[in-house]
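Engineer: quick one, what's the 3D model for this:
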Amino acid sequence: MSRKENAVKCVKRFSQSAFFILTLVCVLGFSSCSTRAKSTSLASRFEIVDSLITHSQTKDALKELKKISKNVYDNWTYIGLYKRYNLLGEKESAEKILKKGLKKSPKNPELSAVYSKFLIQNNRFSEAEKISECLQNSRYASIYAESVFKNHLSEISGNKPSLLYEDGKYFDLYWDSYNASRNPVWLRDCAVVYLVKGKYDGASEIAPQAFNDSDDAYFWAQVHFDSGNYVSAVNACEASMYYLESLQKKISSNSSEIKVAALESDCYNALADNYNAHQIREKVLCDYVTGEDLQENLSDEEKSLLPLVVVNSALEEKSLGNEERSSSLLAYSVMNYPEFVPGLIGYANFAYESNLGRREDDEITALRKAGLKTLEMERYDNRAKIPLSDALYRLDQALMKIKDPYLYITRLDLKYKSNPSLTVRDKTADLWKLLEESSTETVKYHDILVLYTVNFLLENSMEDDAEMIFRKYMAVKYSLDAKQDFFDQIADLTRTVDVPDLEMAAHFALKNKKVDEALRMYEFCVFESAGSRAGDISPKVSSESAMNLANMYYGLALKDKAMNLYGKIAARETNARMRSMAFYRIAEINYAFGDYQNALRSADYACSIDPENAQAHLLKTKITSK
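Structural biologist: Sure thing, here's the model as predicted:
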């Protein structure tokens, strides 16, 4: 083929390619222009519809919408049509257009979200849950969560309790909804799931670093407080107070200055920062107790916190030696809140202690005989006093109106302390009478009264009487079957029995040589009762019960478990006698296994904590003599 022919052929090919490219560009350009034209045209047609709706020309608007619905080219157009049909009250047409859109684009997130909301608004929760299922883990996850919750609630009959805060699948919904929406309410729901299950640490760990408003901060302050994270609780309280004072004083619904101050002062007390606790309470007293006219604007809940602040301040003043101020606050409490139990108890205790005479040495006695007084003697003689008769009168008046078990015990305690001639027999008779008097139609036995009576009988070596009362009380409270074994039933009910009841049941189980049952009860109380981290001692259980469990471990030759638990008791306990006993037990185990060096160290430490621990001194002597 000649060069000329080749050149002609190449030109023809190039011409064809160029024509194809030119054609493609024209087509695409036309398509793009067409889309923009459609979009512009649709927007203008929607504007016409909106104008017709504004001028109440409903028929014309519906006609125009019908025309638009014949030429829908994307999902947003379906949503635009739905919005206007719904606005006109044409629910049937609105739903049809959404269904048509979903048929064309199944599981489209925007269409699914809008249709689900439509179904929820019309109480069709079951359908909404199915449609919105595809929205999980999307930015519309909160709509799926709403449909699930409302469907669940609609299926609950009458008084049947909801499981929204107990079922694990709902926690995941809360969490997904929070991550999708960043709405702090969902995160608070997650915390409630933890709190209901007693997992206070878990609730505290998911707390945000910053808070949306005063209510949000106050909620997390309570969570941190319940988990024992007092520093974080203080920070949250301060954030809540900042919002209240500077931004949201009038729109807060749950938090308030009094509620936040009461919680924050408790946090500082828990941190042994009495100065800051005092400053916060003094501000409340100054604002609302001294300025009583401000109390009129308080809610019932806020008013219920005021006596608590007053009594806490009174107790703190007493601990600091400011008895005049303490007695004044206690008097204010009983006069203004005559049925406030903590105030009455504090008033009765102050009355007893202020009327106790001190033992004076020969020098002071001689000065008194000579009719002389030092300044210190004058201060002592002029100290604040509350008459015992007035305290007893106020207790009796309150008990006529409220059958509070703590008041019954306080009344008895004051009677016993002010009359030392009463015998154990007299006191036992009083307790039996008290149990009968305190019974009501709804409450056969008050928990605190039963446990007080049982402990009193145990302290006075009346084991059989104590067990008899306890068995009757437990049978009534937990509907036990008299034909079945008492301790087997309690062991099966460990998760539903109150911790103080379970501790006492474990004691009597041991007394009756029910070792397996006692072990299970004690282990639940010590390690599981508050949802604490694995191996940690529950804040709900007494150190005495933890010590009993450690003793059981040692008796069952579980040395490592016993040593570990004794160590945790020693670290947790503030009572010197109990701490000393825990170290003595550690020393005893080390000695038994031939580790004399560690045994001596623990015994020495036990003696230093409690010099009156005779067992620790004896063991220390035995070790050093080797």
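
Engineer: pLDDT at the closest residue to residue 222 other than its chain neighbours, what is it?
Structural biologist: Nearest residue to residue 222, sequence neighbours excluded (C-beta to C-beta, 6 or more residues apart in numbering): residue 263, at 6.7 Å. Every C-beta, even on glycine, is put in place using the N, C-alpha and C of the backbone. Note for residue 263: predicted pLDDT of 94.

Engineer: let me see the backbone angles for residue 263.
Structural biologist: Dihedral pair for residue 263: phi -70, psi -40, per degrees, to the nearest 10.

Engineer: any stretches of the stretch 201-350 of the chain with poor pLDDT?
Structural biologist: Filtered on pLDDT under 70, the stretch 201-350 of the chain yields the residue ranges 247-254, 290-295.

Engineer: can you give me the helices for it?
Structural biologist: Counting by DSSP state H, counting those that start in this stretch, the stretch 201-350 of the chain has helices at residues 214-226, 230-246, 257-270, 274-284, 300-319, 323-336, 341-354.

Engineer: related to what we said a few turns ago, contacting residues for the residue nearest to residue 222?
Structural biologist: 218, 221-222, 225, 233, 237 (C-beta atoms under 8 Å, 6 or more residues apart in numbering).

Engineer: if we go to 10 Å?
Structural biologist: Counting by C-beta atoms under 10 Å, 6 or more residues apart in numbering, residue 263 touches 218, 221-222, 224-225, 233-234, 236-237, 240, 255, 280, 305.

Engineer: out of those residues, the closest to residue 46 would be?
Structural biologist: When those are compared for distance to residue 46 (C-beta to C-beta), residue 255 comes out closest, at 44.5 Å.

Engineer: which residue is the nearest non-sequential neighbour of the closest one?
Structural biologist: Take residue 255 and drop its neighbours on the chain: the residue closest to it by C-beta to C-beta, 6+ apart is residue 218, 3.7 Å away.

Engineer: please report how far the one you found lies from residue 88.
Structural biologist: For residue 218, the distance to residue 88 equals 44 Å [C-beta to C-beta, to the nearest Å].

Engineer: those two: which is more packed in?
Structural biologist: Using other C-beta atoms under 10 Å as the criterion, residue 218 and residue 88 rank with residue 218 on top: 25 against 17.

Engineer: hmm, back to that, so the residue nearest to residue 255 makes contact with residue 238?
Structural biologist: No. With contact defined as C-beta atoms under 10 Å, residue 218 does not reach residue 238; the gap is 11.0 Å.

Engineer: hmm, residue 365 and residue 372 touching each other?
Structural biologist: No. Between residue 372 and residue 365 there is no contact under C-beta under 10 Å: 11.3 Å.

Engineer: tabulate the helices of the stretch 201-350 of the chain (JSON lines), appending distance to residue 377.
Structural biologist: Formatted as JSON lines, these follow (distance: least, C-beta to C-beta, whole Å):
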{"stretch": "helix 214-226", "distance to residue 377": "45"}
{"stretch": "helix 230-246", "distance to residue 377": "42"}
{"stretch": "helix 257-270", "distance to residue 377": "34"}
{"stretch": "helix 274-284", "distance to residue 377": "29"}
{"stretch": "helix 300-319", "distance to residue 377": "21"}
{"stretch": "helix 323-336", "distance to residue 377": "16"}
{"stretch": "helix 341-354", "distance to residue 377": "16"}
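
Engineer: and those helices, which is most packed in?
Structural biologist: For these, the largest average neighbour count (mean count of other C-beta atoms under 10 Å) is found in helix 214-226, namely a mean of 24.

Engineer: now that helix against helix 257-270, angle please.
Structural biologist: 30 degrees (axes from the mean of the first three to the mean of the last three C-alpha atoms, to 10 degrees).

Engineer: name the helices or strands packed onto helix 214-226?
Structural biologist: If you count contacts as 3 or more C-beta pairs under 10 Å, 6 or more residues apart in numbering; DSSP states H and E, helix 214-226 packs onto helix 184-196, helix 200-205, helix 230-246, helix 257-270.

Engineer: any chance of TSV for those helices, columns distance to residue 548?
Structural biologist: Below are the helices and strands packed on helix 214-226 laid out as TSV (distance: least, C-beta to C-beta, whole Å):
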stretch	distance to residue 548
helix 184-196	29
helix 200-205	24
helix 230-246	29
helix 257-270	27
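
Engineer: who wins for proximity to residue 566 among those helices?
Structural biologist: Of all the helices and strands packed on helix 214-226, it is helix 200-205 that lies closest to residue 566, at 23.3 Å by C-beta to C-beta.

Engineer: quick one, what contacts residue 570?
Structural biologist: Applying C-beta under 10 Å, 6+ apart, the residues near residue 570 are 543, 578-586, 602, 605-606, 609.

Engineer: any idea how far residue 506 is from it?
Structural biologist: For residue 570 relative to residue 506 (C-beta to C-beta), the value is 21 Å.

Engineer: how far away is the residue nearest to residue 222 from residue 390?
Structural biologist: Taking C-beta to C-beta, one finds residue 263 at 33 Å from residue 390.

Engineer: ditto for residue 558
Structural biologist: Distance from residue 558 to residue 390, by C-beta to C-beta: 55 Å.

Engineer: now the one helix or strand residue 568 maps to: mean pLDDT?
Structural biologist: For residue 568, the element it lies in under DSSP states H and E is helix 559-572. In this model, helix 559-572 has an average pLDDT of 93.

Engineer: buried stuff in it?
Structural biologist: 562-563, 565-570 (16 or more other C-beta atoms under 10 Å).

Engineer: list just the nearest of these to residue 626.
Structural biologist: Nearest member of the buried residues of helix 559-572 to residue 626, counting by C-beta to C-beta, is residue 563, at 21.0 Å.

Engineer: contact partners for that closest one?
Structural biologist: Residues near residue 563 by C-beta under 10 Å, 6+ apart: 550, 553-554, 585-586, 589-590, 593.

Engineer: tell me which of the residues you listed is nearest to residue 380?
Structural biologist: Each of those was checked against residue 380 using C-beta to C-beta; the closest is residue 585, at 43.1 Å.

Engineer: contact partners for the closest residue to that closest one other than its chain neighbours?
Structural biologist: Closest residue to residue 585 apart from its sequence neighbours, by C-beta to C-beta, 6+ apart: residue 566 at 4.9 Å. Going by C-beta under 10 Å, 6+ apart, residue 566 touches 546-547, 550-551, 553-554, 581-589, 602.

Engineer: what about residue 566, distance to residue 204?
Structural biologist: Residue 566 is 28 Å from residue 204, by C-beta to C-beta.

Engineer: how about residue 224?
Structural biologist: In terms of C-beta to C-beta, residue 224 sits 5 Å off from residue 204.
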